[in-house]
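Participant: need a structure here:
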Amino acid sequence: MISSHKRSSLDRDTTFYAPKVACFACYDSGIVSNGDGLLNDYLTDYDAIVIDGVLHRHGGSDLAIICHCTAAYESQDFESQTTRSGFRDSSGVKTTDINGRQQSIGVDPDKDIIREIHRKRRDLWQRSAQDLNSLRQQVRAGMNPQLPDYIATVKQQLQGLNELLPAFASNE
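Facilitator: I've put the predicted structure just below:
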């Protein structure tokens with residue numbers, strides 16, 4: 001039998017897996033993302049500017065949040081050649097020279113914050129995998145299951161996609 005990196009079509013249609021990563025806080029990149037807004041639960045002013053007493057979100061306006069997992073550190077191969085430079089070293093988050101001044105390349109959050117984000121994201125992925133696998137099994141059995149709120153909300157948002165992106169809708 002020939003080995004393949006592809007899953008069988010039956011497996012693709014009936015199973016959903018959470019990402020296979022060691023760190024759900026940064027997804028093994030070394031930088032904690034805020035795509036799901038979870039970071040704002042711990043750092044309320046992250047990527048935000050206060051204008052006239054009102055908090056306005058502006059993605060990319062703050063420094064990167066550097067994770068505490070192994071992906072944030074330099075890694076080397078067996079010949080001591082650097083394979084990844086990393087964002088941290090033994091003294092903490094690395095710095096870079098900007099106009100003769102040392103500037104941190106990111107923020108060094110408390111380890112407990114990163115651990116909690118990791119736990120929450122891991123649990124959410126596990127719940128999503130269970131929900132989606134259950135839905136796929138029900139559909140395969142000929143049932144018409146009710147979608148979870150988080151899926152129904154996205155589905156409803158996508159219904160108005162033609163009005164949101166009229167240039168793409170005309171290409172159909």
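
Participant: use CA for all of it now, contacts and neighbours both
Facilitator: OK.

Participant: Wait, Pro145 touches Arg136, no?
Facilitator: No. Contact criterion C-alpha atoms under 8 Å: Pro145 and Arg136 do not qualify, at 9.1 Å.

Participant: Just want to know which of those two has more residues nearby.
Facilitator: Counted by other C-alpha atoms under 10 Å, Pro145 and Arg136 do not tie: Arg136 has more neighbours, with 18 against 12.

Participant: Doesn't that one belong to a helix?
Facilitator: Yes. Assignment of Arg136 by DSSP: H, G, I helix; E, B strand; the rest coil places it within a helix.

Participant: Model confidence score at it, please.
Facilitator: Note on Arg136: pLDDT of 88.

Participant: repeat for the one 4 residues further on
Facilitator: At Arg140, the model reports a pLDDT of 87.

Participant: do Asp13 as well
Facilitator: At Asp13, pLDDT is 65.

Participant: what number of residues lie near His118?
Facilitator: 19.

Participant: Please tell me how far it sits from Gln146.
Facilitator: Look at His118 and Gln146: by C-alpha to C-alpha, to the nearest Å, they are 29 Å apart.
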